[in-house]
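*Asks:* Any chance you could fold what I've pasted below:
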Amino acid sequence: MKTKLFLMILMGVLAFSSCKKEDTTPDPAPVTPVVTDASMSFTKNGTAFTCTSFNNTLLIQSGTGQQGRRLDIRGSFDNGKTLIVSVSNCDWQNPPVNGVLVKLYDTRLGGPNAECQDIDGTTYCDGALGTYMLTSSTYHMTISDEIEGSVTITSCNATEKKVSGSFSFITSDFGETVFDTIQGTFANQVYVVSGS
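*Replies:* Presented below is the predicted three-dimensional model:
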């Protein structure tokens, strides 16, 4: 249960957490640079889609006493819909500065490819999350403990802040009545780093 709690905190809540700063001047919102060779294409229930714009962020935050990071690759498609592919690392895994580890990440909490470590009675694991957003308030996620899925990071250039990979997972609404099978790839996705 503690593993689920930490992973959900790392994947979801860390996006909204903040650190206290001496300087009260607000930081400018990060803007993902325009990259002409960036791509993301996928199928949803067998129908092909290509993303036309991207907004990618590597969030570096502390939560429950441990430093972690979450990389979100966001692609817009089909008149305002968004596909978000996310992976998370803990700093005890020694990911590159301003990057993530090249590996396969499970969408199922504590899946067979998860790297976990017990620290002070809490189990910390890496993981992945897929989110298919129809609108800002209507979305499907990889939330089931039963369904296998993955996101594979095939390359991450932490100096250029550029990442490529593939994904295959099933998303569902929170009532688990609507399911979407999603598979695809992304390449040359440039991201900005946020947090400390």
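
*Asks:* and the residue nearest the centre of the chain, what helix or strand is that in?
*Replies:* With distances taken as C-alpha atoms, centre = their mean, residue 86 lies nearest the centre of the chain, 1.2 Å away. Using DSSP states H and E, residue 86 maps to strand 81-90.

*Asks:* Residue 138: neighbour count?
*Replies:* 10 (other C-beta atoms under 10 Å). Where you see a C-beta, it was placed from the backbone N, CA and C, and this is true even at glycine.

*Asks:* wait, what's in contact with it?
*Replies:* Residues counted as contacts of residue 138 (C-beta atoms under 8 Å, 6 or more residues apart in numbering): none.

*Asks:* Could you rerun that using 10 Å?
*Replies:* 81, 132, 173 (C-beta atoms under 10 Å, 6 or more residues apart in numbering).

*Asks:* What remains of those if I keep only buried residues?
*Replies:* The neighbour count (16 or more other C-beta atoms under 10 Å) marks 81, 132, 173 as buried among these.

*Asks:* beta partners of the second one?
*Replies:* When you say that, I think you mean residue 132. Counting by DSSP bridges, residue 132 forms beta bridges with residue 83, residue 140.

*Asks:* one step back: adding pLDDT and distance to residue 67, write the buried ones among the contacts of residue 138 out as TSV.
*Replies:* Shown next, in TSV, are the buried ones among the contacts of residue 138 (pLDDT from 0 to 100; distance: C-beta to C-beta, whole Å):
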residue	pLDDT	distance to residue 67
81	95	33
132	93	29
173	88	33
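
*Asks:* Nearest to residue 90, out of these: which one, please.
*Replies:* Residue 90 has its nearest neighbour among the buried ones among the contacts of residue 138 in residue 132, at 26.1 Å by C-beta to C-beta.

*Asks:* hmm, back to that, how far out from the middle of the chain is the strand holding residue 86?
*Replies:* From the chain centre to the centre of strand 81-90 is a distance of 2 Å (C-alpha atoms, centre = their mean, to the nearest Å).

*Asks:* Over to stretch 86-95?
*Replies:* 11 Å.

*Asks:* can you give me the end-to-end distance of it?
*Replies:* The separation between the terminal residues of stretch 86-95, taken as C-alpha to C-alpha, to the nearest Å, is 15 Å.

*Asks:* For that stretch, buried residues please.
*Replies:* Buried-residue list, stretch 86-95, by 16+ other C-beta under 10 Å: 86, 87, 88, 89, 90, 93, 95.

*Asks:* pLDDT at the first one, what is it?
*Replies:* The predicted local confidence for residue 86 comes out at a pLDDT of 97.

*Asks:* Same question for the last one.
*Replies:* Looking at residue 95, its pLDDT reads 93.

*Asks:* can you confirm it is in a helix?
*Replies:* No. Using DSSP: H, G, I helix; E, B strand; the rest coil, the assignment for residue 95 is coil, not a helix.
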